[in-house]
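Undergrad: Quick one: sequence and predicted model below, then my questions.
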Amino acid sequence: MMNTFTLVGKSLAQHARKFSCSELVSKERQAIFPRLLFTRFYSKEVMQERHQLSNDFFFRQLFDDVSWTYTYLLADVESKTAVIIDPVLERAPRDAKLIKELGFKLKFALNTHCHADHITGTGYLKQLLPGTLSVIGKYSCANADRWLDDGETVEFGKHKLVGVSTPGHTNGCMTYIVHEQGMAFTGDAVLIRGCGRTDFQEGNPKTLYESVHGKIFSLPDNFRLYPAHDYNGQLETTVEEEKKYNPRLSKSLDEFVEIMNNLKLAYPKQIVLSIKPSVVFACN
Ligand SMILES: N[C@@H](CCC(=O)N[C@@H](CSS)C(=O)NCC(=O)O)C(=O)O
């Protein structure tokens with residue numbers, strides 16, 4: 001028996017046979033098909049196309065399986081100038097080796113914040129790759145070669161990161177945004193379907209909520225978000241996904257505060273070590 005859905009399905013299947021997959025997603029071809037069915041080729045729930053990276057932009061995500069931390073290496077392919085975000089002490093030799101193999105010159109080692117769960121690899125990378133400068137947010141109470149204020153930029157070749165102040169997990173938390181590539185490195189402000197805890201250091205749930213909604217969720221929906229950690233095996237997310245599906249940050253401010261004040265998480269294993277003044281101040 002034929003109903004409307006079988007008819008639409010049949011007609012789509014006939015059209016689909018005429019075009020290759022890449023043709024199917026082109027704008028002209030999309031216009032042929034009903035908007036609801038073809039808003040996105042691989043998921044009707046996620047509405048925006050992911051922002052594509054340009055060919056002259058290098059991007060690599062690295063992982064530390066002890067602290068579950070992501071480190072990000074970015075570079076300008078033409079000038080071979082690189083920056084690294086949130087390196088981990090024990091992984092500095094791995095990172096330095098990769099940077100050398102790829103023929104990059106590391107200009108800046110940035111931290112999104114003063115981490116409580118691991119020791120930053122910034123100081124060690126400066127030794128392994130002389131000439132590297134350390135960068136951290138102005139309000140972070142950590143030593144560095146450069147302290148970034150809200151809106152200040154770090155350039156590498158023809159690309160640049162904009163440092164945006166996103167306090168709440170700690171006072172000094174920064175999100176680093178590469179507008180041209182549609183990507184933001186959120187540190188612990190936004191995690192995939194989660195967010196940084198607010199129960200120690202200078203944590204404040206209201207401040208975190210306002211930072212995220214004002215500075216991160218206000219970015220275009222298709223911007224990719226890269227957190228400092230993931231504990232569930234996910235790699236990246238988008239502004240749109242987190243606005244819709246983040247079980248904490250999609251709620252009202254009052255609900256968010258209630259959730260954050262009742263997380264009851266165990267303290268990070270390395271906290272005693274990682275926020276010792278001798279460690280924090282040894283980053284540069
Ligand atoms: N189990 C880990 C620490 C896990 C943790 O507390 N992560 C922090 C970010 S590092 S301070 C966090 O904010 N988590 C939020 C959450 O909802 O899990 C360890 O022992 O190191």
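TA: Cool, the structure landed.
Undergrad: near the ligand, which residues of the protein?
TA: When proximity is defined by Cβ under 6 Å from any ligand atom, the chain lies next to the ligand at 67, 116-117, 188, 194, 196-197, 229, 265, 268-270. Placement of C-beta: from N, CA and C, glycine included.
Undergrad: Please convert those to CSV, extending it with neighbour count and pLDDT.
TA: Listed next are the residues of the chain next to the ligand as CSV, based on neighbours: other Cβ atoms under 10 Å; pLDDT from 0 to 100:
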residue, neighbour count, pLDDT
S67, 21, 96
A116, 21, 93
D117, 20, 93
D188, 27, 98
G194, 19, 98
G196, 26, 98
R197, 19, 98
H229, 21, 98
L265, 8, 96
P268, 17, 94
K269, 12, 91
Q270, 16, 89
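Undergrad: can I get these in TSV with distance to K276?
TA: As requested, the residues of the chain next to the ligand are arranged in TSV below (distance: Cβ to Cβ, whole Å):
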residue	distance to K276
S67	16
A116	11
D117	13
D188	19
G194	26
G196	20
R197	19
H229	21
L265	21
P268	13
K269	14
Q270	10
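Undergrad: Which single one of those residues is nearest to Q52?
TA: The closest of the residues of the chain next to the ligand to Q52 turns out to be H229 (Cβ to Cβ; 25.5 Å).
Undergrad: nearest spatial neighbour of that closest one, skipping sequence neighbours?
TA: In this structure, H229 finds its nearest non-sequential neighbour in W68, 5.0 Å apart by Cβ to Cβ, 6 or more residues apart in numbering.
Undergrad: Can you name the two of the residues of the chain next to the ligand that sit furthest apart?
TA: Pairwise distances among the residues of the chain next to the ligand were taken by Cβ to Cβ; the largest, 19.5 Å, belongs to G194 and Q270.
Undergrad: that older thread, sort out for me which of the residues of the chain next to the ligand are in strands.
TA: With strands identified by DSSP state E, the entries of the residues of the chain next to the ligand that belong to them are G194.
Undergrad: A144 versus the residue nearest to H229, what's the distance?
TA: Applying Cβ to Cβ, to the nearest Å, one obtains 24 Å for the distance of W68 from A144.
Undergrad: Compare neighbour counts for these two and give me the winner.
TA: For W68 versus A144, the count of surrounding residues by other Cβ atoms under 10 Å is larger for A144: 23 against 15.
Undergrad: Which phi and psi values does the more buried one adopt?
TA: Reported as degrees, to the nearest 10, the phi and psi values for A144 are phi -170, psi 170.
Undergrad: quick one: contacts for the spatially most central residue of the chain?
TA: Among the residues of the chain, the one closest to the centroid is Y226, at 1.7 Å (Cα atoms, centre = their mean). Applying Cβ atoms under 8 Å, 6 or more residues apart in numbering, one finds that Y226 lies in contact with 61, 70, 72, 183-186, 236.
Undergrad: Out of those, the closest to P205 would be?
TA: Nearest to P205 among those: T186, at 16.3 Å, using Cβ to Cβ.
Undergrad: What score does the closest one have for pLDDT?
TA: According to the predicted model, the pLDDT of T186 comes to 99.
Undergrad: That one and A228 touch, don't they?
TA: Yes - counting by Cβ atoms under 8 Å, T186 does reach A228; the two are 7.4 Å apart.
Undergrad: what do these two both touch?
TA: With contacts defined as Cβ under 8 Å, 6+ apart, the residues shared by T186 and A228 are T112.
Undergrad: re the thing from before, check which helix or strand covers the residue nearest to the centre of the chain.
TA: Using DSSP states H and E, Y226 maps to strand 224-227.
Undergrad: Pull the distance from that strand to the chain's centre.
TA: In terms of Cα atoms, centre = their mean, to the nearest Å, the gap separating the centre of strand 224-227 from the centre of its chain is 3 Å.
Undergrad: Report the strands that pair with the helix or strand just after it, each with its relative direction.
TA: Using DSSP H and E, the helix or strand that follows strand 224-227 towards the C-terminus is strand 237-238. Partners of strand 237-238 in the sheet, by DSSP bridges, are strand 224-227 (antiparallel).
Undergrad: Apart from its neighbours in sequence, what residue is nearest M183?
TA: Closest residue to M183 in three dimensions, ignoring its sequence neighbours and counting by Cβ to Cβ, 6+ apart: R224, at 4.7 Å.
Undergrad: Check the gap between that neighbour and the ligand for me.
TA: Summarising the geometry, the distance separating R224 from the ligand, computed by Cβ to the nearest ligand atom, to the nearest Å, is 20 Å.
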